[in-house]
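S.K.: Let me see the structure of the following:
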Amino acid sequence: MNNLQRACLHVLIWALILILFVYISSRSGNLGNAVVIFLYFGLINITVFYINYLYILPRFLNSRRYLGCAVSILLLIMSSAVIKYAVASFFREIVLIRGPNRDYYVTFWEYIIVASVTGAFFVFISTAFKFAGDWFLNEKVRKNLENEKLTAELAFLKSQINPHFLFNSLNNIYSLAYQRSEKTPAAILKLSEIMRYMLQDSNEPTVPLEREIRYLQNYIELQKLRFKDGAFVNFSYSGVDERMQIIPLILIAFVENCFKHGIVTDEAIPLDIKLQVRASELIFEVNNKKNLQNKDVLGGIGLSNVKRRLELSYPGRYELTIENGGLIYYCKLILHL
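M.R.: Below you'll find the predicted structure:
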């Protein structure tokens, strides 16, 4: 909402309030009296509201000149009371006359006290409005800064993944090229598809789950090219809807860990990867044979990176279970999409 729209909204609200009070008052008395009491004096009170809201509070409170602020507010209240009395003097028979028989006129100081209380009320309302507006503005700024911080942190975590994966993949392709393997062109093609996804699609906050699955398939196929005697990998998925979204590159660490620290050449205990979607719940399970000579199961940036990204992107909406006993390494991730 720009300044003009905000000003029009304020004018409309005050106009509706004044019209409502004039209408209510005119039903039990004279319309002219109601217009004088609520329109003229209402405009003075509204002026007090905005002088305090737009001038006194920003000028003195922002610079922490509290004494000057208090003195200015006091002068505003007193001067508005005097102005009201001057206006009331022109409508003496309407505003100043009191009593059951309308035979008593309010004195100057009696009127000043009542008018000062009214002015103080509008000063209080404008001060509360100012503090409430500043609080909401500061809260909005705080949330924006927090979101920017989270975005920057997520970008940093994602940037850790790319060089880490690229380094491992290039090593694999180098080995194939050094051996003059016929698998080298296929490996380069798979790597190019993977890098296209990592450099383009993964820049979005979320991606279609189907693309993430395709990325995992490419990665698995690329890794299988490393093994001369073959790698035994079962990858299955079900319940995937084209509308489902997920943050990119969140599942790769678990799969990469299996190839890096597990054994995938045992046909009796293959690497088993399952992805299931039930309603809005994604269940991702990885089960593989451990390499007992490798003590690092999911170390370095792997596990801490994944956990941090999950905390930032799915706070309170994920469950991560890791079982690392005996010969089998088992990992289960549940995401509430």
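S.K.: Now Leu292: closest residue in space, sequence neighbours ignored.
M.R.: With Cβ to Cβ, 6 or more residues apart in numbering as the criterion, Leu292 has its nearest non-adjacent residue at 7.6 Å, and that residue is Leu327. Every C-beta, even on glycine, is put in place using the N, C-alpha and C of the backbone.
S.K.: ok, that neighbour to Lys290 distance?
M.R.: 6 Å (Cβ to Cβ, to the nearest Å).
S.K.: Out of those two, name the residue with the larger neighbour count.
M.R.: More crowded of Leu327 and Lys290, by other Cβ atoms under 10 Å: Lys290, with 19 against 12.
S.K.: worst-scoring helix or strand of this protein, pLDDT-wise?
M.R.: Least confident helix or strand, the chain: helix 31-34 with a mean of 57, by mean pLDDT, DSSP states H and E.
S.K.: strand partners of the helix or strand harbouring Phe284, parallel vs antiparallel please.
M.R.: Using DSSP states H and E, Phe284 sits within strand 281-290. According to DSSP bridges, strand 281-290 forms sheet pairs with strand 262-263 (antiparallel), strand 271-278 (antiparallel), strand 328-336 (antiparallel).
S.K.: what about Leu76, neighbour count?
M.R.: Leu76, neighbours per other Cβ under 10 Å, totals 20.
S.K.: I figured it hits Ile56, correct?
M.R.: Yes - assessed by Cβ atoms under 8 Å, Leu76 is found in contact with Ile56 at 6.7 Å.
S.K.: before we move on, back to that, after the strand holding Phe284, heading C-terminal, what element do we hit next?
M.R.: Sequence order places helix 302-313 as the next helix or strand after strand 281-290, per DSSP H and E.
S.K.: now that following helix: mean pLDDT?
M.R.: Model confidence over helix 302-313, given as mean pLDDT, is 79.
S.K.: CA atoms only: put it into PDB for me.
M.R.: What follows is helix 302-313, C-alpha atoms only, in PDB (Å, rounded to 0.1, in the frame of the first residue of the first chain):
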ATOM      1  CA  GLY A 302      27.300 -35.100   4.700                       C
ATOM      2  CA  LEU A 303      25.000 -35.700   7.700                       C
ATOM      3  CA  SER A 304      25.300 -32.300   9.300                       C
ATOM      4  CA  ASN A 305      24.600 -30.600   6.000                       C
ATOM      5  CA  VAL A 306      21.400 -32.700   5.400                       C
ATOM      6  CA  LYS A 307      20.200 -32.200   9.000                       C
ATOM      7  CA  ARG A 308      20.700 -28.400   8.800                       C
ATOM      8  CA  ARG A 309      18.900 -28.100   5.400                       C
ATOM      9  CA  LEU A 310      16.000 -30.200   6.800                       C
ATOM     10  CA  GLU A 311      15.800 -28.000   9.900                       C
ATOM     11  CA  LEU A 312      15.700 -24.900   7.700                       C
ATOM     12  CA  SER A 313      13.300 -26.100   5.000                       C
END
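S.K.: what separates it from the chain centre, distance-wise?
M.R.: Between the centre of helix 302-313 and the centre of its host chain there is 18 Å, according to Cα atoms, centre = their mean, to the nearest Å.
S.K.: now stretch 256-274
M.R.: 39 Å.
S.K.: what do you get for stretch 107-118?
M.R.: With Cα atoms, centre = their mean, you get 49 Å for stretch 107-118.
S.K.: Can you tell me what sits against that stretch?
M.R.: Applying Cβ atoms under 8 Å, 6 or more residues apart in numbering, the contact partners of stretch 107-118 are Asn45, Ile77, Met78, Ser80, Ala81, Val82, Lys84, Tyr85, Ala88, Leu96.
S.K.: If we go by neighbour counts, what in that stretch is buried?
M.R.: Using 16 or more other Cβ atoms under 10 Å as the test for burial, stretch 107-118 gives Tyr111, Ile112, Ala115, Ser116, Thr118.
S.K.: For the last one, which three-state class applies?
M.R.: Thr118 falls in the helix class when you classify it by DSSP: H, G, I helix; E, B strand; the rest coil.
S.K.: Pull up the gap between it and Tyr85, please.
M.R.: Taken as Cβ to Cβ, the span from Thr118 to Tyr85 is 12 Å.
S.K.: now swap in the second one and tell me
M.R.: To Tyr85, Ile112 is 6 Å away according to Cβ to Cβ.
S.K.: go on, the first one?
M.R.: If you measure Tyr111 against Tyr85 using Cβ to Cβ, the figure is 5 Å.
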